[in-house]
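Student: Return a 3D structure for these sequence lines:
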Amino acid sequence: MCGRFAVTLPPDAMAQLFEAAPSNDLPEVPNYNVCPTNQIHVVMEDAGRRLVSMRWGFLPHWYKAPNGGPLLINARAETIAEKPAFKAACRERRCLIPCTGFYEWTKDEDGNRLPWYIHPSQDSALVFAGVWQDWERDGQAFRTCAIVTCAANQAMSNIHHRMPVVLAPDTWAKWLGEEGRGAATLMTPAPEDALSFYRVDPAVNSNRAKGPELIAPL
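Tutor: Residues are numbered from 1 along each chain as shown. Presented below is the predicted three-dimensional model:
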């Protein structure tokens with residue numbers, strides 16, 4: 001899964017990287033502790049690529065309130081095409097979710113949660129496959145999204161059995177639907193050497209923690 005991540009790339013650099021037009025309400029960066037329900041940077045296709053802000057936490061149209069059901073921050077690649085919450089978005093509303101790295105946790109023999117920071121081995125940014133959904137009810141409106149996950153590769157399985165679907169630059173257009181069909185073939189684990197990871201301070205266990213020290217190696 002993916003439940004927390006960091007973003008340090010400035011919005012103008014993101015816009016240039018994706019050749020996307022930036023909106024004027026993008027979240028502040030850097031943010032070393034992006035949490036569910038935060039507004040995050042997302043690239044979507046809308047008569048051209050746009051870099052926009054979305055709420056992390058997918059809201060199906062039948063939810064009567066933002067807390068009207070489980071918080072859907074991840075969508076499983078194995079079932080995304082059949083799940084009622086995601087199947088339309090998987091066909092019609094795919095997006096890219098950029099970040100600098102993300103966190104996962106293991107436990108020691110005493111049950112303490114030990115955070116790890118996972119980042120690209122070479123590139124300056126990670127790009128996750130995502131899906132998005134507009135939700136509106138009773139005067140409230142949100143554009144929401146979820147990160148697509150798959151089974152972990154062998155390297156990542158030492159930390160967690162799931163991982164985000166990581167998209168290489170030459171697959172971005174296909175995931176966004178700019179190159180026709182075939183997006184389903186992209187929902188696979190990243191190559192074994194694509195990601196590196198190291199332990200970080202347990203301070204990040206708090207969703208209120210802030211600052212670059214959160215991604216500093218122990």
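Student: correct me, but residue 192 touches residue 158?
Tutor: No - in this structure, residue 192 is not within contact of residue 158 by C-beta atoms under 8 Å, at 11.4 Å. Glycine gets a C-beta too; all of them are placed from N, C-alpha and C.
Student: Return the residues in contact with the residue nearest to the spatial centre of the chain.
Tutor: With distances taken as C-alpha atoms, centre = their mean, the residue of the chain nearest its centroid is residue 147 (4.2 Å). In this structure, residue 147 makes contact with 2, 56, 73-75, 97, 128-130, 164-165, judged by C-beta atoms under 8 Å, 6 or more residues apart in numbering.
Student: try 7 Å this time
Tutor: Contact criterion C-beta atoms under 7 Å, 6 or more residues apart in numbering gives 2, 73-74, 97, 128, 130, 164 as the residues in contact with residue 147.
Student: Adding neighbour count, write those out as CSV.
Tutor: Formatted as CSV, the entries for these read as follows, by neighbours: other C-beta atoms under 10 Å:
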residue, neighbour count
2, 25
73, 20
74, 20
97, 27
128, 25
130, 29
164, 28
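Student: Can you verify residue 53 is assigned to a helix?
Tutor: No - counting by DSSP: H, G, I helix; E, B strand; the rest coil, residue 53 falls outside a helix, being strand.
Student: Verify the contact between it and residue 28 for me.
Tutor: No - no contact is recorded between residue 53 and residue 28 when judged using C-beta atoms under 7 Å, the distance being 10.5 Å.
Student: Compare these two (neighbour count), which wins?
Tutor: More crowded of residue 53 and residue 28, by other C-beta atoms under 10 Å: residue 53, with 17 against 8.
Student: Show me the beta-bridge partners of the more buried one.
Tutor: The residues paired with residue 53 through beta bridges, assigned by DSSP bridges, are residue 41.
Student: Now do it, the pLDDT please.
Tutor: pLDDT for residue 53: 98.
Student: Report the contact partners of it.
Tutor: Residues in contact with residue 53 (C-beta under 7 Å, 6+ apart) are 23, 25-27, 39, 41.
Student: Distance of it relative to residue 65?
Tutor: 21 Å (C-beta to C-beta, to the nearest Å).
Student: With residue 107 instead?
Tutor: For residue 107, the distance to residue 65 - C-beta to C-beta - is 33 Å.
Student: cool, and residue 172?
Tutor: Applying C-beta to C-beta, the value for residue 172 to residue 65 is 34 Å.
Student: out of the two, which sits in the busier spot?
Tutor: In this comparison of residue 172 against residue 65, neighbours counted by other C-beta under 10 Å, the higher total goes to residue 172 at 21 against 11.
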